[in-house]
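Asker: Next one to model:
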Amino acid sequence: MGRRLNGKMIWVVFLLFWVLMVRLLTGCSVEKENQDKVRDLESTVVGEADLPEELKNLVEEKKAAPFKLTYSNDQGLYIVVGYGEQATGGYSISVNELYLTENSIVIDTELKGPQKGETVGVEKSYPYIVVQTEYLENPVIFQ
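Answerer: Predicted coordinates for the structure are as follows:
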C-alpha cells in the first residue's frame, strides 16, 4: 500500500507541475505598452475633394459599416475613421486627441449627432473623418 500511495503522489506532483508550467507559458504578458504622450501631432482634416484617388476608393468601399484605416503616401499619413450608415444627415466628428507615444500614434474621435431642432436631411449619411499628419511608421491606436 505504501508503494501505491507513493505512485499516486508522484502523479499528483507531476500534474501540478504540468499545470503550473502551462499557466506560465501561456499567461498574459506582464509588460505593459507605454501609452504616455510624447507630443501632440499637428494635423489637418482633409475634405473628400482633396483625398488621394486610391484612398477615396477605399473609403467608398467601406463607408456603409464603421471602419478605421490608415493610408500613407508622399504627402504623409492619413488616418480615417468612419461611423457607418446613419439614418439622417447632420452628424459631425470631432478629434479629441491625436498624439505620439513612445511606440504608437493615438487618435480619439467622437461622432456627434444632430443638434435638437436642427434641420437634417432625410437621406442616409455616412459620416467619416480623414486626418492627415506627418508620416510616421508607428502603429495607430484608435480609441
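
Asker: okay, and for the chain, where does confidence drop off?
Answerer: Applying pLDDT under 70 to the chain flags residues 1-5, 18, 20-34.

Asker: Check which helices and strands the longest strand anywhere in it sits against.
Answerer: Counting residues, the longest strand found in the chain (DSSP state E) is strand 92-101. Packing partners of strand 92-101 (3 or more Cβ pairs under 8 Å, 6 or more residues apart in numbering; DSSP states H and E): strand 37-40, strand 43-45, strand 76-83, strand 105-112, strand 128-133. Any C-beta I mention is one placed from the backbone N, CA and C, and that applies to glycine too.

Asker: need those strands in CSV with distance to Leu16 and mean neighbour count, can you?
Answerer: Shown next, in CSV, are those (distance: least, Cβ to Cβ, whole Å; neighbours: other Cβ atoms under 10 Å):
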stretch, distance to Leu16, mean neighbour count
strand 37-40, 45, 10
strand 43-45, 55, 13
strand 76-83, 49, 21
strand 105-112, 43, 17
strand 128-133, 53, 20
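
Asker: Report the distance from stretch 88-98 to the chain centre.
Answerer: Its chain's average C-alpha position is 16 Å from that of stretch 88-98, according to Cα atoms, centre = their mean, to the nearest Å.

Asker: what's the answer for stretch 10-18, then?
Answerer: Centroid separation between stretch 10-18 and its chain, computed with Cα atoms, centre = their mean, is 42 Å.

Asker: Check stretch 102-122 too.
Answerer: Distance, centroid of stretch 102-122 to centroid of chain: 16 Å (Cα atoms, centre = their mean).

Asker: Show residues contacting that stretch.
Answerer: Identification of contacts with stretch 102-122 by Cβ atoms under 8 Å, 6 or more residues apart in numbering yields 33-38, 41, 77, 79, 81, 83, 88-100, 127, 129, 131, 133, 136, 138-143.
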